[in-house]
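> Take a look and give me a structure for this.
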Amino acid sequence: QVQLVESGGGSEQAGGSLRLSCAAAGYTFSEYSMAWFRQAPGREREGVACISSGGSIRRYVDSVLGRFTISRDNAKNTLDLQMNSLKPEDTAMYYCAAGRFGLDRNQYEYWGQGTQVTVSS
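Just a heads-up that it's a prediction; the model follows:
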C-alpha cells in the first residue's frame, strides 16, 4: 500500500523558515518524480516544486523561486522542502506527490494527506 506522510508544517512569521518532509512507502521511491503542491482555501491546488527521480532536475513555480528548495534522499525514501523568507501568501495546505516530472497535478499518481503551513504578517 502506497503511503506518503507529510510532516513539518506549522505557524511561522513572515520572513521565517520551515522545513517540510515527506516519508514514502509502498512503492519504488527512486523510480518516481516527486513534487510539492499547495492549496489555499478557495484556490486550486498548484505545483510548488518538483524533482526528478534521480534528483538532478528541479523546477519551481515562479512565486517561490529563490526561496524554496526541494530535495530528496532515495536511500531513505524521503522528500523535503526547505522554505525560507516565508510570506503570508505561502499559507496553504502542502501536499507531497509521486508521479511524472512537472508541476501539473494531473501528472501525479500518489498523494499524501497534507500538512498545514500558516504564515502571519
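
> use CA for all of it now, contacts and neighbours both
Will do.

> Pairing-wise in the sheet, spell out the partners of the most centrally placed residue in the chain.
For the chain, Trp36 is the residue whose C-alpha lies nearest the centre (Cα atoms, centre = their mean; 2.2 Å). Beta bridges link Trp36 to Ala49, Cys96 when assigned by DSSP bridges.

> ok, now how distant is it from Thr118?
16 Å (Cα to Cα, to the nearest Å).

> ok, now Phe101?
Applying Cα to Cα, the value for Phe101 to Thr118 is 27 Å.

> contacting residues around Thr69?
49, 81-83 (Cα atoms under 8 Å, 6 or more residues apart in numbering).

> can you do 6 Å?
When contacts are counted by Cα atoms under 6 Å, 6 or more residues apart in numbering, Thr69 is found next to 81-82.

> just to revisit the earlier point, you'd agree the residue nearest to the centre of the chain is up against Ala49?
Yes. Contact criterion Cα atoms under 6 Å: Trp36 and Ala49 qualify, at 5.4 Å.

> How much space separates the residue nearest to the centre of the chain from Gln82?
For Trp36, the distance to Gln82 - Cα to Cα - is 11 Å.

> Gly66 too?
Gly66 sits 11 Å away from Gln82, going by Cα to Cα.

> Settle it for me: which of these two has more neighbours?
Gln82 (14 against 11; other Cα atoms under 10 Å).

> That one: what secondary structure?
strand (DSSP: H, G, I helix; E, B strand; the rest coil).

> Please name the nearest non-neighbouring residue to it.
Excluding its sequence neighbours, the residue lying closest to Gln82 (Cα to Cα, 6 or more residues apart in numbering) is Arg19, at 4.5 Å.

> Pull the residues that contact the helix or strand where the one you found lies.
Mapping Arg19 onto the secondary structure by DSSP states H and E places it in strand 18-25. If you take Cα under 6 Å, 6+ apart as the criterion, strand 18-25 is touched by 2-8, 77-83.
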